[in-house]
Every structure is written in structure tokens, then in C-alpha cells.
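Student: Curious how this folds, go ahead:
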Amino acid sequence: MFGRWLGDRTNRMQQAGPLGAVRTPPGAGVLGCRVVDPVDHPVAGAEFTVSDPMGRKVVAGGTDPYGTFLTTVPAGEYRLAVSAEGYAPYRATALVAEGTLASLGDVTLQLAPPPEPPAPGEWEVDPAHSSIAFTARHIGLARVHGRFDSFAGAVRIAERIERSAMHVVIDAASIDTGVRMRDDHLRSGDFLDVQRFPTLEFYSDRFAHKGGNRWAVTGALSLHGVTRTVTLDTEYLGVGNGIEGETRAACRATTELHRDDFTVSWQSMLARGIAVVGPSIRVDLDVQIVPKG
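Tutor: You can find the predicted model right below:
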């Protein structure tokens, strides 16, 4: 089979000859390399894509824990692209002959410069280009996907990003899972109880740089009358310009909430054997901010 990823067979190949461990179809060869960082440590999980000269993808996969990969391809010329979080992309070309191994040897990925931070000052969340979504288990089987349609947020960017702060307010009644009856139930006293707790709020003044474009944003989430510490695993995407030339910055973030932490346990429902929602909920945020006008 052409375009087949073989994973890590480098050691066995070296012991049994270049293609001793690989059964190669007629008209095919093998392409491989080892991906390392600037200090020669293997980069596990680096993504690679092999394309033909027309740019059509032939095979894709990821490096193993030792940073290696091998793939069988029809004999010919190929373009290889390797990428990994925190590193600059690597591109190369290779000529694969029938029945032979075309090895690129050690491919060294260089550290990518971190994205330009937003300018210090007051910024606000752009709801039209942002989303707050969540995923929960339903009766332990299917997944329920939902979102909050109404929210607002302000971000104060400090000279040192670590000293920045943000405040987000979410309209609890704007929950939307695409099923009206379910949404009405989620707004009821069994779940969010929006009459008593009309908003969810998140405030943070703890921005910790984790390297590259990764940040940990830790703050207080108030939900259902309870406040708990929550950390957002955040990927900062950089600064750009909108359609009308306005400056904006973007990020993605995820976290996991345990509903019992916020007294949303619905024991009366569980006592009847109706485990409607799983114990944890994944939250995914896609946020763009613009300077406050």
C-alpha cells in the first residue's frame, strides 16, 4: 500500500539493513528522518506532511517518542513539511528511488519567536468574533455541545503581560444547545437557576507564561453562586488587522469544570437514576479583543 506511515522502525532498519524491516511494494521507496530540537533532543509528536510536486498530500502523521518517522511512497520527488508547537516550520524536498531509503537524517527544528503581544492599554472582547462553547456527556454516552450567545469582557494589558487583568461576564440565560426543551431545563433551578444567578463571571490577574505562545490564565469563576479558582490553558495567536484595518488580538483557551465544585450536582435527578450530565464539562474559548474605543 502506498502512502503508508510505518512509525519508528529506524533501529530495526539499522540492524537489518536499510530496508530489512520494511516490506516495500514494487515501484515504491521509503522516506524518513529524525526530528530534533536545537540541543539534539528528539521532538515527539511533531507533525509531518508529505506532498507531491503539485502540492497534493500523499501521507501525513506524527513522529514517535524518539522523534523518528518512516513512510512508504511511490518512487518520485516529494516535499516534506514538519511542524511542532513552539518551533518554526521546516520544509525540504526529497527524491525517493524504488527499493531504497531516502533519509533526511536529523532534521533540526528552530525555536519560533513568540507572537507580538498586544499593546498596553484597555481592550475589550469582540463578541461578534468570539465564542464561548462547552461539551458535556449526556447519560454517559453521547456528547452535548453548547455555547453561550451573550457575553462581554474587558482586558487590561500591562507593560509586563504577567501583570495584566481580565473580567468576563456571561449571560447565563443565553445558553444554547440547539434543543429548546433542553435549554429551558438548563436555565431552570435544576441546573443554572438563571433567576437566582443570572450571570457567570470570570476575573483574572494572574497571567503566567509557559513558553512559546502558551500561557496559563488563572482566576476566579463565579457560577451558580459559588466561586472557584480556574486555570485557562491559553494559546496566544498574535496581533493582526481586521477587514476594516482595525487592530485586534486573538487567543484560544480551554479548561475543564467539575460541576460538583459549583454545587450543580442535581442529586434529586441522580437519585431517580437519571444521570443527565457527566461530572465534568470541557469549556473552549475562541476570543478576539480590540482596543477599547
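Student: okay, CA-based contacts and neighbour counts for the rest of this
Tutor: OK.
Student: Now do the strands in the stretch 101-250 of the chain.
Tutor: Applying DSSP state E, counting those that start in this stretch to the stretch 101-250 of the chain gives strands spanning 101-108, 121-125, 131-138, 142-148, 151-157, 165-171, 175-176, 199-211, 214-223, 226-241, 247-258.
Student: Any idea which of those strands gets closest to residue 192?
Tutor: strand 214-223 (8.0 Å; Cα to Cα).
Student: I'd like to know which elements the closest one is packed against.
Tutor: In terms of contacts (3 or more Cα pairs under 8 Å, 6 or more residues apart in numbering; DSSP states H and E), strand 214-223 is packed against strand 199-211, strand 226-241.
Student: buried sites along the first one?
Tutor: It stands for strand 199-211. Using 16 or more other Cα atoms under 10 Å as the test for burial, strand 199-211 gives 199, 200, 201, 202, 203, 204, 205, 206, 207.
Student: cool, and the longest one?
Tutor: Of the residues in strand 226-241, those scored as buried under the neighbour-count criterion (16+ other Cα under 10 Å) are 227, 230, 231, 232, 233, 234, 235, 236, 237, 238, 239.
Student: Quick one: the helices and strands packed on strand 214-223 as CSV, columns for distance to residue 99 and mean pLDDT too.
Tutor: CSV is the format used below for those (distance: least, Cα to Cα, whole Å; pLDDT from 0 to 100):
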stretch, distance to residue 99, mean pLDDT
strand 199-211, 43, 94
strand 226-241, 43, 93
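Student: got those as JSON lines, with distance to residue 144 columns?
Tutor: Listed next are the helices and strands packed on strand 214-223 as JSON lines, based on distance: least, Cα to Cα, whole Å:
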{"stretch": "strand 199-211", "distance to residue 144": "20"}
{"stretch": "strand 226-241", "distance to residue 144": "21"}
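Student: before we move on, the earlier item: pick the one among the buried residues of strand 199-211 closest to residue 161.
Tutor: residue 207 (7.0 Å).
Student: mind checking the end-to-end distance for stretch 162-176?
Tutor: End-to-end distance of stretch 162-176 (Cα to Cα, to the nearest Å): 34 Å.
Student: All further residue positions should be reported with the first residue as 358.
Tutor: Will do, 358 is the new start, and the previous item becomes stretch 519-533.
Student: hmm, who's touching that stretch?
Tutor: 503-515, 540, 543-544, 549, 551, 554-566 (Cα atoms under 8 Å, 6 or more residues apart in numbering).
Student: If we use 6 Å, what do you get?
Tutor: 503-515, 551, 555-562, 564-565 (Cα atoms under 6 Å, 6 or more residues apart in numbering).
Student: so which of the helices and strands packed on strand 571-580 comes closest to residue 468?
Tutor: strand 556-568 (10.5 Å).
Student: Residue 479: neighbouring residues, count only.
Tutor: 17 (other Cα atoms under 10 Å).
Student: Beta-bridge partners for the residue lying closest to it once chain neighbours are set aside, please?
Tutor: Nearest residue to residue 479, sequence neighbours excluded (Cα to Cα, 6 or more residues apart in numbering): residue 513, at 4.7 Å. Judged by DSSP bridges, the bridge partners of residue 513 are residue 479, residue 522.
Student: Compute the number of surrounding residues for residue 513.
Tutor: 20.
Student: residue ranges with poor pLDDT in the stretch 508-650 of the chain?
Tutor: By pLDDT under 70, the weakly predicted segments of the stretch 508-650 of the chain are 616, 619-636.
Student: repeat that for 50
Tutor: Across the stretch 508-650 of the chain, residues meeting the criterion (pLDDT under 50) sit at 623-632.
Student: and what of the stretch 358-507 of the chain?
Tutor: Using pLDDT under 50, the stretch 358-507 of the chain drops low at 358-359, 361-377.
Student: same thing but at 90, please
Tutor: Low-confidence segments of the stretch 358-507 of the chain, defined by pLDDT under 90: 358-383, 427, 442-445, 456-458, 468-473, 493-502.
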